[in-house]
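Undergrad: sequence plus the predicted model coming up.
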Amino acid sequence: MKSLEKLNLNTNVNAGYQMCMKVSLFFSITLIWNVAFVSAYYGSTTSTSSSASTAMTSRFTNNLDTTLSGPTFTSTSRKRTSKSTSMSNTPNEDGTNTDSDDSFTTPIKKTRWKKANPELRKKTERILRLTSPDYLANDINPSYSVNRQTFNNLIDGWSFSNEPDGVTMAENLLARMEELHETKAVVGIHGDVITPDVRSYTKVIGAYARGKVNGVTGATGYGHKAESLLHKMTELHASGVNTAAKPNLYTYTGAIESWASSFEEGSAHRAEELWKDLERKYEEEQTVDLKPNVRAYNAVINAWAKSGEAGSAQRAEYCLLKMQESYRNGNVDAKPHRINFNAVIHAWANSREPDGPERSEAILARMEELYRTERDEDVKPNVQSYNSVVDAYAKSGKADAAQTVLEHMNELHTAGNGDVKPNARSFNSVLNAYARSKEDGSPQKAQELLQEMERLYQAGNVDVQPDVHSFCTVINAYAKSPLLGKAETANEIFHHMLSQYNAGNKHLKPNVIIINSVMNACAYSIGDEMHRSRAMKIASEMFKELERSNYGSPDQVTYGTFLKVCAHQVPVGDARDAITEVVFKKACKDGQVGDMVMRQLRSMTTDRLYMKLVKKKKVESKKIYVDLPEHWYVNVRERRRLHPQTPKKAVDGVDVVESVKPPKRNYSFYKGNPDAKRS
């Protein structure tokens, strides 16, 4: 790609600013822009299309440790392995062991298979074949052994398989067990009558809780399916049809977590209702099998913490208070753990409540008080606890409060508390707070904090090693500020990082995100003609740096931001139109015409130029058309884009809930066009 390498934008833009006074320079500029850009676009025969763009949206993930020891139904990553090939060493859902008696009951390793497990699939297909009605009708002298544990082992294997059809396979096995129980069919050499028990049903509910559709844990319908199966078990037991199907604590926990991992509206409410139902049943029956434990409480707390619904943080805290009350009343199995407190802190940190950060810090203070007064190690705050509070203040732009929490962590660590040693994430969260803050001096404070990270790292503290995100955040802080010369400052910060990368620090390899951030600082650079010219030159250099390096390929944000630089730093006229045309055509060629590109293009062009670029014979003023050729946006990666999308197909008869609903075809919307009146 040679387009931007042929440009001397400093010279061109200076000439562009003199265009209105010197007509001769205007024509020379127009010629230079058209020749350089257009010839590069149409004349190059060796350039190839850019690869799929680097993802621009860095999704914040606060990995709460939602599991404790023992059986689990959570959707978090967990690897379960068997130390031997005997099923006697593999616990059932209720913690008991059952011996196996033949090759069909040899356990399948319950781990996360990267590909379809052929052993599991082969055994499942054979069992389903051997127990089919047609086969049993003609099987006079069976030579194989099949029992309930055989089915349970296979269901458990599919439950933990992480396979796309894992839920369906588990359901099929349970359906066959129910069919055999209903017909009283005798199977295998021992003449067993297969009856599904609480473990059989609970393992399928566990599959719902862990189930993935199109790579996403949880799906529309899994919560409903889990709860329906739970109610079915209750009815089977109450009616006497299957007394072995009585739900237990793990059944309820699995159903609660199925709702917790569901993206359906109201899922947290359903999870809490099941939790309350569990407590009522325990109060009525007083049986150990229904006694709520820390895992059950944790399931409903997480359901609220992840729901994002209005009032979810309050509900999560309410469940934590009920958990503490249960423990004080003698339920030692409900002893709160830092995991539960951290989940509530996380809920408040992610809430949109005005007092969310303060409420999250209040939970942290409660943990500190419990540890100080009771010396309870289980509730001792760790670095994750403090980082969540820092995140809460960062998201609300309260930089000074975030800085105070970080300093408190440093004080505790200096005093000997090794569990709260600040790490890179702690510092990055404070940097993010400064980037969001509108207070004077925030960019400088962010840069000073970055320099402190570098000093600590050079002194041997590897936990605070700055990463690309650290530098990118400081650049963003300057980009959002009203400071003069911020494009130059952003450029200096980038090259400071680049020098460390070239010196051998591979942890600081630049990427398209930080280059886009520098260009964004250029787009919003203010000042006189010299500052604007310098901003345009820096943006051009950043684009060339991206093209000639292995840092990644220009994406739709790169093109959209570069167009924004042109719109803000180059005066209205034919020179800017020429730049716009060539940049847009290059974005089309690279398949990077995304939402940002189209909006920026419409805001800076006349109707005539816009019609020419989008190849329309007529457009309405200020209207953005989206029925574009597919190859123009084939490489766009963004959460919401203007172009038609095809919803993912349902798997296991369950529809995936998309994070953003795909837009309809050929819709359009309006946006103000500051240049629309220009003839």
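TA: Structure received.

Undergrad: gap between Ile339 and Ser161?
TA: Counting by Cβ to Cβ, to the nearest Å, the gap from Ile339 to Ser161 is 26 Å. Bear in mind the C-beta positions are built from the backbone N, C-alpha and C, glycine included.

Undergrad: quick check, Lys537 in a strand?
TA: No. Assigned with DSSP: H, G, I helix; E, B strand; the rest coil, Lys537 falls outside any strand and is helix.

Undergrad: low-confidence stretches in the stretch 201-350 of the chain?
TA: Where the stretch 201-350 of the chain drops to pLDDT under 70, the residues are 212-220.

Undergrad: rewinding a little: who has more neighbours, Ile339 and Ser161?
TA: Set side by side, Ile339 and Ser161 show more neighbours around Ser161, with 26 against 20, by other Cβ atoms under 10 Å.

Undergrad: for the chain, which segments are assigned as strands?
TA: 186-187, 192-193, 212-213, 216-217, 623-624, 669-670 (DSSP state E).

Undergrad: what mean pLDDT does the last one get?
TA: Looking back up the chat, that one is strand 669-670. Mean per-residue pLDDT for strand 669-670: 28.

Undergrad: ditto for the first one
TA: Model confidence over strand 186-187, given as mean pLDDT, is 85.

Undergrad: what's it packed up against?
TA: strand 192-193 (3 or more Cβ pairs under 8 Å, 6 or more residues apart in numbering; DSSP states H and E).

Undergrad: and the contacts of the strand it packs on?
TA: Applying Cβ atoms under 8 Å, 6 or more residues apart in numbering, the external contacts of strand 192-193 come out as Ser145, Val146, Asn147, Arg148, Leu180, His181, Lys184, Ala185, Val186, Val187.

Undergrad: so what's the fourth one up against?
TA: Taking Cβ under 8 Å, 6+ apart as the contact definition, Arg148 lies against Met177, Asp192, Ile194, Thr195, Pro196, Asp197, Ser200.

Undergrad: now the last one
TA: Listed by Cβ under 8 Å, 6+ apart, the contact partners of Val187 are Leu130, Thr131, Leu136, Pro142, Val146, Leu180, Val193, Ile194.

Undergrad: what's the pLDDT at the third one?
TA: Taken from the predicted model, the pLDDT recorded for Leu136 is 85.

Undergrad: name the nearest residue to it, ignoring sequence neighbours.
TA: Among residues not flanking Leu136 along the chain, Ala185 sits closest, at 5.6 Å (Cβ to Cβ, 6 or more residues apart in numbering).

Undergrad: so how many other residues sit close to the closest residue to Leu230 other than its chain neighbours?
TA: With sequence-adjacent residues excluded and distances taken as Cβ to Cβ, 6+ apart, Leu230 is closest to Ala255, at 4.7 Å. By the measure other Cβ under 10 Å, the count of residues near Ala255 is 33.

Undergrad: so what's Ala255 up against?
TA: Ile205, Tyr208, Ala209, Gly223, Ala226, Glu227, Leu229, Leu230, Leu274.

Undergrad: make it 10 Å
TA: Ala255 makes contact with 73, 202, 205-206, 208-209, 223, 225-231, 233, 247, 270-271, 274-275, 277-278, 299, according to Cβ atoms under 10 Å, 6 or more residues apart in numbering.

Undergrad: one step back: right, and the pair among the contacts of Arg148 with maximum separation?
TA: Greatest spatial distance in the contacts of Arg148: Asp192 and Ser200, 14.0 Å, computed using Cβ to Cβ.

Undergrad: joint contacts of the two?
TA: What both Asp192 and Ser200 touch, as defined by Cβ under 10 Å, 6+ apart, is the set Arg148, Gln149.

Undergrad: more neighbours: the two, which one.
TA: Ser200 (27 against 17).

Undergrad: measure that one to Gln149 for me?
TA: In terms of Cβ to Cβ, Ser200 sits 10 Å off from Gln149.

Undergrad: try Asn350
TA: Computed as Cβ to Cβ, the Asn350 to Gln149 distance reads 43 Å.

Undergrad: how close does the residue nearest to Leu230 get to His224?
TA: Ala255 is 10 Å from His224, by Cβ to Cβ.

Undergrad: what do those two both touch?
TA: Contacts common to Ala255 and His224, judged by Cβ under 10 Å, 6+ apart, are Tyr208, Arg270.

Undergrad: so Glu125 sits against Arg176, correct?
TA: No. The pair Glu125 / Arg176 is not scored as a contact, 11.7 Å apart, by Cβ atoms under 10 Å.

Undergrad: many thanks, have a good one.
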